[in-house]
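A.B. asks: next input, structure requested:
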Amino acid sequence: MTQPVKFDNDVREFLEQQMGVIVVVSDDPTFVRVMRVSLLKTLGVKRDCVEAFQETDLVSRSLHIHQGNNSPVILFTERLLQGMNNADFLRKIKKEFPLVKRVVVTPETSQESLALICEIGVDSIITKPVSLDTLIEKIAGVIRPQGKISEFMEKGRGLLERGEFEKVLQISDLILSIKAGSPAALMLRGDALLASARRDEAIAAYEEAHNASKLYIEPLKKLAAVHRDGDQDVYLAYLKKLDTISPLNTARKCEIGKIYTRKQEIETAERYFHEALACAEIDAQSYVSGIALDIADNLSESSPAIAEKYYAKALETKGDNLTSADLVTFNRLGIILRKQGKWSEAVENFQRALKVAPGDKNVLYNMGLAYADGQQFKEARKCYDSVLSNDPNFKRTSSMVACNIAYTYSRLKDLDTAEELVNIALEIDPEHAPSKTLLAYLKNAVLPAKK
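C.D. replies: Down below sits the predicted model:
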């Protein structure tokens, strides 16, 4: 799909007229390359506006320089940097540079992990792999949020940062006149009131924001912070609500445990401390798994056999904490096994993946390919049938997908279905050589040998 011109123009204006800067904190060279290609090549931006860092150490210094030059900044950072959760860095940036736009880049991840990202407070989330068009659209959305309310919110945050609290209250009233009960406007109002030492009014605004949107986490965080040094039962109640919505925050679980300790409810305190350790262990597992995955990715082309060991290690390290976010690793391991002719091991790998994410269409498709590698065409067809029954358009994913499925049907003498699939492949790519070859054989009712 062609990228809308408006998005392109918005991003060009940000970079060339406003002298905006994109700061990328990533240990993924592919993502950094996509970013540079999107801006410098696709959009034709002449100035070097992308700064890339593999570690967080020098980022604050760079942001201070840009802040001094009044250059607007969008910061892209990985959710996991060198295998470690990047939450503390994001919190620091939010506190130190509140006007910097923050975008988190993450592979497919769990709802709990996404909740933790949202809790930190980010402007957008990008799931990898990301296309050039999607990346430009995301940047445009961060630069220029759509709608009047978004514009007023941006203005209000700027006034809040400059300490013009009465003007912030006026802006929040204006937004509330447009959209009664807007949680974001009520949060803005609460922040201005709290900064003006009007604590009770601020609490009322935060509570109203929470009541307007029960799953909006920011009001709860503010309410917990306001009550931290006051009524401990109220403080605890808000912490527990936060823990229900975002259960992977290790520090908060420890804080809840400490409060129960002070209340002499040791058994309950110990339960929260145990959960805090479990969260910390998951972080540690993610760190080791991330390192193993990075090693495997670098070896996948040159040394598939060694890469296989590290992909397996990445999964093994996660233990019982495997989630749908690990399907990428399962699929990469399966592909590496197939490259080495280990089709049965690949099938076992995909069967294990289906226990983590039952019915996942990409896993089933890849398992079908593995069965086809082993000439187990009936089993391959079962996989493909399962995929297509749940997503009939899956066969239109690419010419190669349609052709691969067609090949299995052709080997099972279902020539009509095979021909239908090959024609779909050629609709997608009229020059797709394997599909042309298969269609020629089908026309003569002669089956090609498996290559």
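A.B. asks: CA only for contacts and neighbour counts going forward, please
C.D. replies: OK.
A.B. asks: quick one: low-confidence ranges for the stretch 101-250 of the chain?
C.D. replies: 108-114, 145-147, 215 (pLDDT under 70).
A.B. asks: apply 80 and report the result again.
C.D. replies: 107-121, 128-132, 144-151, 154, 213-216 (pLDDT under 80).
A.B. asks: which stretches of the stretch 51-200 of the chain form helices?
C.D. replies: Ranges of helices within the stretch 51-200 of the chain are 59-68, 87-96, 111-120, 132-143, 148-161, 165-178, 183-195, 199-212, based on DSSP state H, counting those that start in this stretch.
A.B. asks: run the chain-centre distance for stretch 181-194.
C.D. replies: Centroid separation between stretch 181-194 and its chain, computed with Cα atoms, centre = their mean, to the nearest Å, is 28 Å.
A.B. asks: sorry, wrong one. I was asking about stretch 407-418.
C.D. replies: 38 Å.
A.B. asks: check which helices and strands the longest helix seen in the chain sits against.
C.D. replies: Longest helix in the chain by number of residues (criterion: DSSP state H): helix 266-299. Packed against helix 266-299 by the contact rule (3 or more Cα pairs under 8 Å, 6 or more residues apart in numbering; DSSP states H and E) you find strand 84-85, helix 250-262, helix 304-318.
A.B. asks: pull out the buried positions in it.
C.D. replies: 269-270, 272-273, 275-276, 279-280, 282-297, 299 (16 or more other Cα atoms under 10 Å).
A.B. asks: kindly report the same for stretch 213-222.
C.D. replies: Under 16+ other Cα under 10 Å, the buried positions of stretch 213-222 are Tyr216, Ile217, Glu218, Pro219, Leu220, Lys221, Lys222.
A.B. asks: give me the contact list for that stretch.
C.D. replies: Outside stretch 213-222, the residues within contact range by Cα atoms under 8 Å, 6 or more residues apart in numbering are Glu119, Pro183, Met187, Tyr206, Glu207, Ala209, His210, Tyr238, Leu239, Lys241, Leu242, Ile245.
A.B. asks: on that earlier part again, how about a markdown table for the buried residues of stretch 213-222, with distance to Gln17 and secondary structure added?
C.D. replies: Below are those laid out as a markdown table (distance: Cα to Cα, whole Å; DSSP: H, G, I helix; E, B strand; the rest coil):
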| residue | distance to Gln17 | secondary structure |
| --- | --- | --- |
| Tyr216 | 35 | coil |
| Ile217 | 36 | helix |
| Glu218 | 34 | helix |
| Pro219 | 36 | helix |
| Leu220 | 39 | helix |
| Lys221 | 37 | helix |
| Lys222 | 37 | helix |
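A.B. asks: now, which of these sits nearest Val234?
C.D. replies: Taking Cα to Cα as the measure, Leu220 is the one of the buried residues of stretch 213-222 closest to Val234, at 11.2 Å.
A.B. asks: separation between the closest one and Ala418?
C.D. replies: 56 Å (Cα to Cα, to the nearest Å).
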